[in-house]
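> Turn this into a structure:
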Amino acid sequence: MVAIPKQPDPEEFVAPMHPRVVQEYDCASYLYFDIETIPDQRPETLERLRAEVTAPARYSKQDSIDAWLAENRESAAREALAKTSFDPAAGHVCTIGWATNDGPVRVEHAEGLGEERDILDAFFRSLPKRDVTLVGHNHTGFDIPFLTKRAILLGVELPSEWAWPRDPKPWGRGLFDTMHAWAGSGRGDMIGMNRLCGLLGIVGKEGFDGSMVADAWAAGDHLTIARYCDDDVRRTRAIHQKFLAVGY
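Numbering: from 1, shown residues only. From the prediction side, this is the model:
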């Protein structure tokens, strides 16, 4: 398990805090967090997905079906496998990063599947018992449900309901979802973190993004993933501070 050292914000994330942000941090506890996930790692899953690939309906003759499958079966199966990183019943949590208010970022990263349980437990144990606001980008739609379901599957004890909601909603108590705060909470209302950073004048993602995590993990490039998660926590905090500064 990789735990990168707690570090102060890099220069690109450092700016004098607005007085309203300072005031908020004096009287409230905000926990910023982000996760990285990887696809199902079981060898038999890829074999099953290969077997499930079928040619489009427009192909009716067996020779054309066979030709399409010969050309496309492998890529279609691997595309389906990649999508399991969004499914907590199949994918895995490989990295969790978090920070409280303007404190240092802590990142826990699993170098092997056997460490997934450990990073979940480390994160949950670090949460305050109550009176904390969880801040993330689409964390009500993805991060919180994914972590909860992985915890259930792995037998990891969840924090109290005061600190960790069982049925998170963007407008729920103790939650601030930066995506929905900007884009709204209707179906289909979304904005990527990188685009929102650009709109708010915050340094965005450079050279590495979430789509690269699975390949980096398979290649053993664990520190790159951990640092990427660390930066996403800092971006989430910088976005939230923009909202706090105007009294949102």
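
> now what about the helix or strand containing residue 182, what contacts it?
Using DSSP states H and E, residue 182 sits within helix 178-183. Residues from elsewhere that reach helix 178-183, judged by CB atoms under 8 Å, 6 or more residues apart in numbering: 135-138, 140-141, 170-171, 189-191, 193, 196, 236, 239-240, 243, 248. All C-beta spots, glycine's among them, are computed from the backbone N, C-alpha and C.

> and if you look at stretch 147-160?
35, 88-89, 92-93, 96, 116-117, 120-121, 123-124, 127, 129-130, 164, 166.

> what's the first-to-last distance across it?
Criterion CA to CA, to the nearest Å; first-to-last residue distance in stretch 147-160 is 14 Å.

> Any buried residues in that stretch, and which?
147-148, 150-151, 156, 159 (16 or more other CB atoms under 10 Å).

> Just send these back as JSON lines, with secondary structure, pLDDT and distance to residue 61 too.
Compiled in JSON lines, the buried residues of stretch 147-160 are given as follows (DSSP: H, G, I helix; E, B strand; the rest coil; pLDDT from 0 to 100; distance: CB to CB, whole Å):
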{"residue": "147", "secondary structure": "helix", "pLDDT": "98", "distance to residue 61": "48"}
{"residue": "148", "secondary structure": "helix", "pLDDT": "98", "distance to residue 61": "48"}
{"residue": "150", "secondary structure": "helix", "pLDDT": "98", "distance to residue 61": "45"}
{"residue": "151", "secondary structure": "helix", "pLDDT": "98", "distance to residue 61": "49"}
{"residue": "156", "secondary structure": "coil", "pLDDT": "98", "distance to residue 61": "52"}
{"residue": "159", "secondary structure": "coil", "pLDDT": "95", "distance to residue 61": "58"}
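
> now the helices: where do they sit in this structure?
Under the criterion DSSP state H, helices of the chain are mapped to 19-27, 43-52, 62-83, 116-126, 144-154, 178-183, 193-200, 213-218, 222-245.

> biggest separation within the buried residues of stretch 147-160, which pair?
Greatest spacing in the buried residues of stretch 147-160, by CB to CB: 150 and 159 (14.0 Å).

> shouldn't residue 38 be in contact with residue 91?
Yes. With contact defined as CB atoms under 8 Å, residue 38 and residue 91 form a contacting pair (6.3 Å).

> tell me, what's touching these two both at once?
residue 85.

> For the spatially most central residue of the chain, give me its contacts.
In the chain, the C-alpha closest to the average C-alpha coordinate belongs to residue 35, at a distance of 3.3 Å (CA atoms, centre = their mean). The contact partners of residue 35, by CB under 8 Å, 6+ apart, come to 93, 95-97, 143, 146-147, 229.

> Out of the contacts of helix 178-183, which end up buried?
Judged by 16+ other CB under 10 Å, buried ones among those: 135-138, 140-141, 170, 191, 193, 196, 236, 239-240, 243.

> From these, pick the one nearest residue 219.
Residue 219 has its nearest neighbour among the buried ones among the contacts of helix 178-183 in residue 193, at 24.1 Å by CB to CB.

> The closest one and residue 234 touch, don't they?
No. With contact defined as CB under 8 Å, residue 193 and residue 234 do not form a contacting pair (11.3 Å).

> Which secondary structure element of this protein has the lowest mean pLDDT?
strand 2-7 (a mean of 60; mean pLDDT, DSSP states H and E).
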